[in-house]
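**Q** This is a predicted model, with the sequence first.
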Amino acid sequence: MTAIKHALQRDIFTPNDERLLSIVNVCKAGKKKKNCFLCATVTTERPVQVKVVKVKKSDKGDFYKRQIAWALRDLAVVDAKDAIKENPEFDLHFEKIYKWVASSTAEKNAFISCIWKLNQRYLRKKIDFVNVSSQLLEELPKVTEESVPSGENQSVTGGDEEAVDEYQELNAREEQDIEIIMEGCEYAISNAEAFAERLSRELQVLDGANIQSIMASEKQVNILMKLLDEALQEVDQIEFKLSSYEEMLQSVKEQMDQISESNHLIHLSNTNNVKLLSEIEFLVNHMDLAKGHIKALQEGDLASSRGIEACTNAADALLQCMNVALRPGHDMLLAVKQQQQRFSDLREHFARRLASHLNNVFVQQGHDQSSTLAQHSIELTLPNHHPFHRDLLRYAKLMEWLKSTDYGKYEGLTKNYMDYLSRLYEREIKDFFEVAKIKMTGTTKESKKFATLPRKESAVKQETESLHGSSGKLTGSTSSLNKLSVQSSGNRRSQSSSLLDMGNMSTSDLDVADRTKFDKIFEQVLSELEPLCLAEQDFISKFFKLQQHQSMPGTVTEADDLDGGTSSRQHNSGTPLPVSSEKDMIRQMMTKIFRCIEPELNNLIALGDKIDSFNSLYMLVKMSHHVWTAQNVDPASFLSTTLGNVLVTVKRNFDKCISNQIRQMEEVKISKKSKVGILPFVAEFEEFAGLAESIFKNAERRGDLDKAYTKLIRGVFVNVEKVANESQKTPRDVVMMENFHHIFATLSRLKISCLEAEKKEAKQKYTDHLQSYVIYSLGQPLEKLNHFFEGVEARVAQGIREEEVSYQLAFNKQELRKVIKEYPGKEVKKGLDNLYKKVDKHLCEEENLLQVVWHSMQDEFIRQYKHFEGLIARCYPGSGVTMEFTIQDILDYCSSIAQSH
């Protein structure tokens, strides 16, 4: 590379007065490798011009030729591609971008370094260097020496760079001065040495003049020194005076500090006095209880409205004094401790007075309410507790005060209230339900005993299973119908486990009246219980202030709620026991107070179910409505929960009623000696559906009834078919036809939407079995004629043409006339009359299907007649053979037979 550089300098750049500073061997990126050299040069003449020259070696020899040159000032960007990794590629941005690949990274770095240095020295415009390591630019000489391996490079490149470093361009003023000197000397250019000697002589003359001037100014220097000494003396005197002044100021400062300290102490004392007055005023204003309040708390009348108001105001004032937020250090003052103790004593004393008075009020309420029970015993109403609630609500604010100040006594009052009121309500509710039971069953003592007998007794259980298990039970055989009747204690007619008896009974006016009476009584029971529970719950919420707190203490355990046992929980008089929410607290109190409601309701429901299991329909609708109403008000309330539990029992009885009806369907037996007719459970389903539709009209539990309908109708369908298969006296088709006709008529009349599919199925079964019975009963009234034409049809089926059948020996015209003569009109009418009597014996009178069946048989007989006439016309054309009776004769026969019977 050094030899190349010398050759280029000698052959190309020296003739052009240029010096070569750096060279790099490159080729264009992305093309075939045609090597060339990029050279950085400067001119030897002034002003210096810096260029980048591209030199290419000739293809025909070893000489080089200059290809293109760019001025360095036209170079905008130098892109080294990567500042971290070694990469031989770099770009030069002139009027366009030139991409190059150097033969080595070292040559590329040396070339870029030279460009950077020339840019710093000669150009006002700074070239942008992109992706070039800053360390590389700072250590340019080292990079150049390390990257160029030989010492020859130093002799050429290094020397040139030193010359570039030592040369400093003259500024404008220096150039102007030199021009003036040279203009004053004629030989300044022609004889440089003489001009230099002249300049040297003039310089010596100037140096001498300078020395003489310095020596002449010595006297002035001495005078100046004397003045300086005098100035120093004046300075010393001034410093002495300043020191004395400073001592005087120091004394004044000490006096001022003492005065300032005295003022600070006075200000501090005043500040402390103001703060002390503020603290005393705070304690007096916030911890001083008026004498009137103290007297009210100690002796106030808790029975009068004015006394209650005074006690309430005093209690609030006491609570404010006790809850005042004391400032730090107040609790250590003896007066504050004494006042707090006084407040605590007042609180304890008033809390005892209040608790004792309210306990007496609770006890008195129990005695007062007990005296009014007699007047409600004959009426189905519950005593009104509104006056008692109104009187107690006057103490609501005092209860709130007691709850926040002495929770132990508050909890004791809560428990005592529940104990007294639970006993009172238990007496009232039990008497109320006794009246309801008497009204349901009658007024005799035997009826009352019947209403209250436990269901678990074996005798009652046996009676219940045999007599009152569910409405519409079926017995094992119809022979037991007359054995299983019993007189009820009231005016209710006897109930039978037979569906047939139940159907007859349900149609009576007395039975409808009994069910209506039960429905009204049950509705009145629920209507009396609802306002009673809601009023008590509202009172508890207001009186015990449960609506104001999200976390309330528990007062009763599950054992208390369910069994009425003694709670084993230990009470801490000052610490509330948390429950999940205020609603839980209210519900627990209500459960304790009204713990007898749910058992009494269940007993009443059991009695209603025992009297008539169809009462479960009334109870389900009424109970569902009341549960729905209660849940709309508060889904988690005691009333909603209790009625919901009772509703489960009612729904269970309803399901039991449905299941028993289905079971009795399966156990039904039919008489072998009499015709079946309409099956008892079919008639019972009609009664059940009619009653249920009237009860469940616009009811919330319509879905339960629809499910029951589906179960019952499936049971009816299955057992009708079962009975029809077992029937011996009555044909199967008659049993199916009559009962499914009755079912279809019932469903069409009631228009039960969920049984539309079953209605269509019943109609289809009725139609199919009607047709089957008609065909079976009618049979072949013209038996020989029928056999004859069957043979004709068989010949036609074998391939004989219809008009050729008459040529067969067994089916010629003579044989046809012979068969026709055996069925004159008289014989046909006699056969039809016998058929009518037979059908009349099979069909029952209740369903009135005789004429429908007879008309169907008439149509079927005419259809057969027309079939025979058609065969004669096709197979025996022109023979003149006809039947001895006509279609009009058949219509007359049938009509006369029907009228005669």
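**A** Structure's in. What do you need?

**Q** To which secondary structure element is the spatially most central residue of the chain assigned?
**A** Among the residues of the chain, the one closest to the centroid is Pro635, at 18.8 Å (Cα atoms, centre = their mean). Pro635 is part of no helix or strand, with elements assigned from DSSP states H and E.

**Q** That one and Ile743, how far apart?
**A** The spacing between Pro635 and Ile743, counted by Cβ to Cβ, to the nearest Å, is 41 Å. In this view, the C-beta of every residue, glycine as well, is placed from N, C-alpha and C.

**Q** Do I have it right that Asn719 meets Met665?
**A** Yes. Applying Cβ atoms under 8 Å as the test, Asn719 and Met665 come out as touching, 4.3 Å apart.

**Q** Overlap in contacts, these two.
**A** Taking Cβ atoms under 8 Å, 6 or more residues apart in numbering as the contact rule, Asn719 and Met665 both touch Phe681.

**Q** For these two, indicate the residue with more neighbours.
**A** Ranked by neighbour count (other Cβ atoms under 10 Å), Asn719 and Met665 place Met665 first, with 25 against 21.

**Q** got the contact list for that one?
**A** By Cβ under 8 Å, 6+ apart, the contact list for Met665 reads Leu474, Phe681, Gly715, Val716, Asn719.

**Q** how about a cut-off of 10 Å?
**A** Listed by Cβ atoms under 10 Å, 6 or more residues apart in numbering, the contact partners of Met665 are 472, 474, 499, 679-682, 684-685, 712, 715-716, 718-720, 722-723.

**Q** same deal with Lys241?
**A** Listed by Cβ under 10 Å, 6+ apart, the contact set of Lys241 is empty.

**Q** just checking, next helix/strand downstream of the helix or strand where it lies?
**A** If you go by DSSP H and E, Lys241 is part of helix 218-286. Per DSSP H and E, helix 218-286 leads on to helix 291-299 as the next helix or strand towards the C-terminus.

**Q** what's the distance between the very next helix or strand once past that next one and the middle of its chain?
**A** Following helix 291-299 in sequence order, the next helix or strand is helix 305-322 (DSSP H and E). Relative to the mean C-alpha coordinate of its chain, helix 305-322 is positioned 48 Å out (Cα atoms, centre = their mean, to the nearest Å).

**Q** Helix or strand: which one has the spatially most distant residue from the centre of the chain?
**A** Relative to the C-alpha centroid of the chain, counting by Cα atoms, centre = their mean, Ala194 is the outermost residue, at 111.5 Å. Secondary structure assignment for Ala194, by DSSP H and E: helix 192-216.

**Q** my read: the residue nearest to the centre of the chain touches Thr641, true?
**A** Yes. In this structure, Pro635 is within contact of Thr641 by Cβ atoms under 10 Å, at 8.8 Å.

**Q** how close does the residue nearest to the centre of the chain get to Leu643?
**A** In this structure, Pro635 lies at 11 Å from Leu643, with Cβ to Cβ as the measure.

**Q** again, but for Lys838
**A** Note on Lys838: its distance to Leu643, by Cβ to Cβ, is 60 Å.

**Q** For my notes, confirm Val24 occurs in a helix.
**A** No. Val24 is assigned strand when assessed by DSSP: H, G, I helix; E, B strand; the rest coil, not a helix.

**Q** and the nearest residue to it once chain neighbours are set aside, what does it touch?
**A** In this structure, Val24 finds its nearest non-sequential neighbour in Phe111, 4.0 Å apart by Cβ to Cβ, 6 or more residues apart in numbering. Applying Cβ under 10 Å, 6+ apart, we find Phe111 in contact with 21-26, 38-40, 52, 78, 90, 92, 100, 102, 144, 147.

**Q** repeat that for 8 Å
**A** Taking Cβ under 8 Å, 6+ apart, we find Phe111 in contact with Ser22, Ile23, Val24, Leu38, Ala40, Ala102.

**Q** One more: His741?
**A** If a contact means Cβ under 8 Å, 6+ apart, then His741 has Ala762, Tyr766, Glu847, Leu849 as its contacts.

**Q** The second one is in contact with Phe740, isn't it?
**A** Spelled out, that is Tyr766. Yes. Here Tyr766 reaches Phe740: they are 4.1 Å apart, a contact under Cβ under 8 Å.

**Q** The two: which has the busier surroundings?
**A** When Tyr766 and Phe740 are compared for neighbours, Phe740 comes out ahead with 26 against 21, by other Cβ under 10 Å.

**Q** pLDDT value on that one, please?
**A** In this model, Phe740 is scored at 89, pLDDT.

**Q** How about the residue farthest from the centre of the chain: what's its closest non-neighbour residue?
**A** Once its chain neighbours are removed from consideration, Ala194 has its nearest residue in Tyr187; the separation is 5.6 Å (Cβ to Cβ, 6+ apart).

**Q** His349 too?
**A** Gln298 (6.5 Å).

**Q** Verify the contact between the one you found and Leu346 for me.
**A** Yes. With contact taken as Cβ under 8 Å, Gln298 and Leu346 are classed as touching, separated by 7.3 Å.

**Q** which helices and strands sit right next to the host helix or strand of Ile540?
**A** Assessed by DSSP H and E, Ile540 sits inside helix 509-543. On a contact count with 3 or more Cβ pairs under 8 Å, 6 or more residues apart in numbering; DSSP states H and E, helix 509-543 meets helix 386-392, helix 396-405, helix 407-441, helix 582-593, helix 597-611, helix 615-633, helix 638-667.

**Q** Centre of the chain to the host helix or strand of Gln364, how far?
**A** Secondary structure here is read from DSSP H and E; on that basis Gln364 sits in helix 334-371. For helix 334-371, the distance from its own C-alpha centre to the chain's C-alpha centre is 49 Å (Cα atoms, centre = their mean).

**Q** and that helix, which residues are buried?
**A** 339-340, 343, 346-347, 350-351, 353-355, 357-358, 361-362, 365-366, 369 (16 or more other Cβ atoms under 10 Å).
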